[in-house]
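Peer 1: the following block contains a protein sequence and its predicted model.
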Protein chains: 2
Amino acid sequence: MKSTEDFRRELLEAGLLEDGGVTGLYHRSFHFEAIARGVEAYVSAAGHNEKNRQFFFNQVIARSTLEGSGYLTSFPDLIGVVSSFAGSGSDLPQLIERVNNGGDWNEMMSPTEVALCSAACHPVYPLIAGTTIPIDGLHFEVQAFCFRHEPSDNPARMQSFRQHEFVYVGTPDGALAHRNMWRERGRQLLSELGLSVDVIVANDPFFGRAGKLLEANQRDKELKYELVAPITSEAPGAISSANYHEDHFGETFDLRLPDGSRAHTACIGFGLERIALALLFKHGLTFRDWPANVKAHLSSTHDARLPEST
Amino acid sequence: MKSTEDFRRELLEAGLLEDGGVTGLYHRSFHFEAIARGVEAYVSAAGHNEKNRQFFFNQVIARSTLEGSGYLTSFPDLIGVVSSFAGSGSDLPQLIERVNNGGDWNEMMSPTEVALCSAACHPVYPLIAGTTIPIDGLHFEVQAFCFRHEPSDNPARMQSFRQHEFVYVGTPDGALAHRNMWRERGRQLLSELGLSVDVIVANDPFFGRAGKLLEANQRDKELKYELVAPITSEAPGAISSANYHEDHFGETFDLRLPDGSRAHTACIGFGLERIALALLFKHGLTFRDWPANVKAHLSSTHDARLPEST
């Protein structure tokens, strides 16, 4: 049976990924990117009939969004915040001296107003903060490169990767219905790509000992489901997750329904890199040898992003 | 005459860009992204016949690449380095307290081994560090989201934006020929999109008073050319730049030709967001009303990234 280590070596030898010089960082070949974009178009098409507001968010977001998301305090070990040099010209010789002699130049950096995006849905909520959410809810289709500082030799756990998400903001029932509908739709979509998909109750990796309680609570309430499949070995990993956040974001970002109660939110996220890897693991490293129907799904000319549709 | 301020407002009102909550950060609509990807495919096709090694780099790169690039000491005010929380569970209550009460939680962060990419060609050089470069040179086609910490109200100066680059590593003559060939090819490509392109000698914004000497040197030697066109107002700005680095990267990353001399490098970078903005400024905000030949160029089915070509 192929190990993660074997598969990683094959990916690098085939030139599909290139070692980025830091554990968990990879450069993507154009061919790998082609597969990821094929997945993007395929997944996007499945949400085509909904009235989604659509955004590509940057990996770089407002620091206040990270603070407001709760991610900073729940997963502080995974976040990334950005610093830069705010000194004057007279500080420059010291900076150069430290850089050239392996000194601690980082302590000469100052925090900026930006951070890295931890989850693709986070920038949605500040966009609508303080507004009244219509009773039939708001729908979003969004994508972002996300950063998670969890260096790993498993290419399924990259430090930088894309989530393509469908997000709902509205009533509790609407949020749960969105989550459950997409959980099933996602399972079908990914199964049609030839992947062996299971749906499991899961939890996020909350930080520290206190986090264990939050994890147990998340599982007890079945707030998080993962769609799992073999990614870089036979051991199944999450390629998508369908989440009901209750009023977590509604509270922080003051999202209210017409009756004044807090809006609830839900999302499904598709991991484009993980799905691409799962497809390569399942169907082999040569795209042209993949099953015809899988190739057809990923080469669909339906693409919300083609300029003709503008 | 339309001001940058007017055009920015039009872009936001049309929903092509969305304010990202921090000066110089924007969310991209799917339509804006469609145009940027159209430019990507169009530019990529122009380099199709060269034997390029092709990579999509991440915006997140190894900190050592930033150090080695020289960008850290030449443009320290523009860089971004990434910190995260490396504390233990017992530090968590203090972190939460600071986040909730507006305290300085940033000082609880520790530097990571990663930084943000400042220029799309930077990750090329460590990939080939210490190797002997063949006498006829190495060619690369690369893309990356780049980060520049220069908050501005002008959407042409985003903090996060894409460069699509063609990079050469080889002899001095080869590097200069690459730069000059692409400078002319780039001018033609961008002119064919209906843009009013001028080619000018330029310089990078080196930091501080000492940087003025480097700027003057860069201009005197004509190392940097910019292809400029109206982007967000009639005032021309750079939408592409063609650069000859002499042996700057060859020295830092120990790139040597077969005779032991240092390799020289050159690149052309196309700013996908700036070109998209220049097209919107020139042809209007409604893609379907653009000139037919421009639409055809951006809708080309030649796309190195389609899975069929794998």
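Peer 2: Yep, it's here. Numbers count the residues shown, from 1 in each chain, chains lettered A, B, ... in the order given.
Peer 1: burial check on A:Ser44, number of neighbours?
Peer 2: A:Ser44 has 22 neighbours, counted by other CB atoms under 10 Å in any protein chain shown. Backbone N, C-alpha and C define where each C-beta goes, glycine included.
Peer 1: quick one: it from chain B, how far?
Peer 2: A:Ser44 sits at a distance of 8 Å from chain B (criterion: CB to the nearest CB, to the nearest Å).
Peer 1: ok, A:Ser233 next?
Peer 2: 23 Å.
Peer 1: kindly report the same for A:Arg274.
Peer 2: 15 Å.
Peer 1: which pLDDT value goes with the residue nearest to A:Gly80 when sequence neighbours are not counted?
Peer 2: Of all residues not flanking A:Gly80 in the chain, A:Leu116 sits nearest, at 3.6 Å (CB to CB, 6 or more residues apart in numbering or on different chains). A:Leu116 carries a pLDDT score of 98 in this model.
Peer 1: what do you get for A:Gly130?
Peer 2: 93.
Peer 1: kindly report the same for the one 5 residues further on.
Peer 2: On the pLDDT scale, A:Ile135 is placed at 96.
Peer 1: from the structure, what's the count of residues near the residue nearest to it when sequence neighbours are not counted?
Peer 2: Of all residues beyond its chain neighbours, the one nearest A:Ile135 is A:Pro258 (5.7 Å), with distances taken as CB to CB, 6+ apart. The tally of other residues near A:Pro258 (other CB under 10 Å) stands at 9.
Peer 1: what segments of the stretch 151-300 of chain A are helices?
Peer 2: For the stretch 151-300 of chain A, the helices defined by DSSP state H, counting those that start in this stretch occupy A:172-192, A:211-220, A:248-252, A:272-283, A:292-298.
Peer 1: among these, which is nearest A:Gly237?
Peer 2: Proximity to A:Gly237 (CB to CB) singles out helix A:272-283 among the helices of the stretch 151-300 of chain A, at 7.0 Å.
Peer 1: mean confidence (pLDDT) on that closest one, please.
Peer 2: Average pLDDT, helix A:272-283: 98.
Peer 1: now the angle from it to helix A:172-192?
Peer 2: 30 degrees (axes from the mean of the first three to the mean of the last three CA atoms, to 10 degrees).
Peer 1: pLDDT below threshold where in the stretch 201-310 of chain A?
Peer 2: For the stretch 201-310 of chain A, the stretches flagged by pLDDT under 70 are A:300-310.
Peer 1: again, only using 50
Peer 2: Low-confidence segments of the stretch 201-310 of chain A (pLDDT under 50): A:302-310.
Peer 1: how about the stretch 51-200 of chain A?
Peer 2: The model of the stretch 51-200 of chain A has no residue with pLDDT under 50.
Peer 1: chain neighbours aside, what residue packs nearest to the one residue sitting closest to the centre of chain A?
Peer 2: Nearest to the geometric centre of chain A sits A:Gln163, at 3.0 Å (CA atoms, centre = their mean). Once flanking residues are discounted, A:Gln163 sits nearest to A:Ala120: 3.8 Å by CB to CB, 6+ apart.
Peer 1: so that neighbour touches A:Asn58, yeah?
Peer 2: No - A:Ala120 is beyond contact range of A:Asn58, at 10.8 Å (criterion: CB atoms under 8 Å).
Peer 1: quick revisit: return the most buried member of the helices of the stretch 151-300 of chain A.
Peer 2: Comparing the helices of the stretch 151-300 of chain A by mean neighbour count (mean count of other CB atoms under 10 Å in any protein chain shown), helix A:272-283 comes out on top with a mean of 24.
Peer 1: helices or strands next to it in the packing?
Peer 2: helix A:4-13, helix A:30-46, strand A:160-170, strand A:224-230, strand A:236-244 (3 or more CB pairs under 8 Å, 6 or more residues apart in numbering or on different chains; DSSP states H and E).
Peer 1: most tightly surrounded among the ones you listed?
Peer 2: Counting by mean count of other CB under 10 Å, strand A:160-170 has the highest mean neighbour count of the helices and strands packed on helix A:272-283, with a mean of 26.
Peer 1: and it, what does it pack onto?
Peer 2: Counting contacts by 3+ CB pairs under 8 Å, 6+ apart, strand A:160-170 is packed against helix A:30-46, helix A:124-127, strand A:138-147, helix A:172-192, strand A:264-271, helix A:272-283.
Peer 1: quick one: strands adjacent to the helix or strand containing A:Val82?
Peer 2: A:Val82 is part of strand A:81-84, with elements assigned from DSSP states H and E. Here strand A:81-84 has these sheet partners by DSSP bridges: strand A:110-116 (antiparallel), strand B:81-84 (antiparallel).
Peer 1: please compute how far that strand lies from its chain's middle.
Peer 2: Centre-to-centre, strand A:81-84 and its host chain are 21 Å apart (CA atoms, centre = their mean, to the nearest Å).
Peer 1: helix or strand next in line after that strand, which one?
Peer 2: Going down the chain from strand A:81-84, the next helix or strand is helix A:92-100, by DSSP H and E.
Peer 1: need the pLDDT of the nearest residue to A:Leu189 once chain neighbours are set aside.
Peer 2: Leaving out its chain neighbours, the residue that sits closest to A:Leu189 by CB to CB, 6+ apart is A:Ala46, at 5.5 Å. Per-residue confidence (pLDDT) for A:Ala46: 94.
Peer 1: surely A:Phe249 touches A:Ser69?
Peer 2: Yes - applying CB under 8 Å as the test, A:Phe249 and A:Ser69 come out as touching, 7.4 Å apart.
Peer 1: joint contacts of the two?
Peer 2: Common contacts of A:Phe249 and A:Ser69 (CB atoms under 8 Å, 6 or more residues apart in numbering or on different chains): A:Tyr125.
Peer 1: which strand residues bridge A:Met269?
Peer 2: If you look again at residue A:269, you'll see it is Gly, not Met. Beta-bridge partners of A:Gly269, as defined by DSSP bridges: A:Glu165, A:Ser241.
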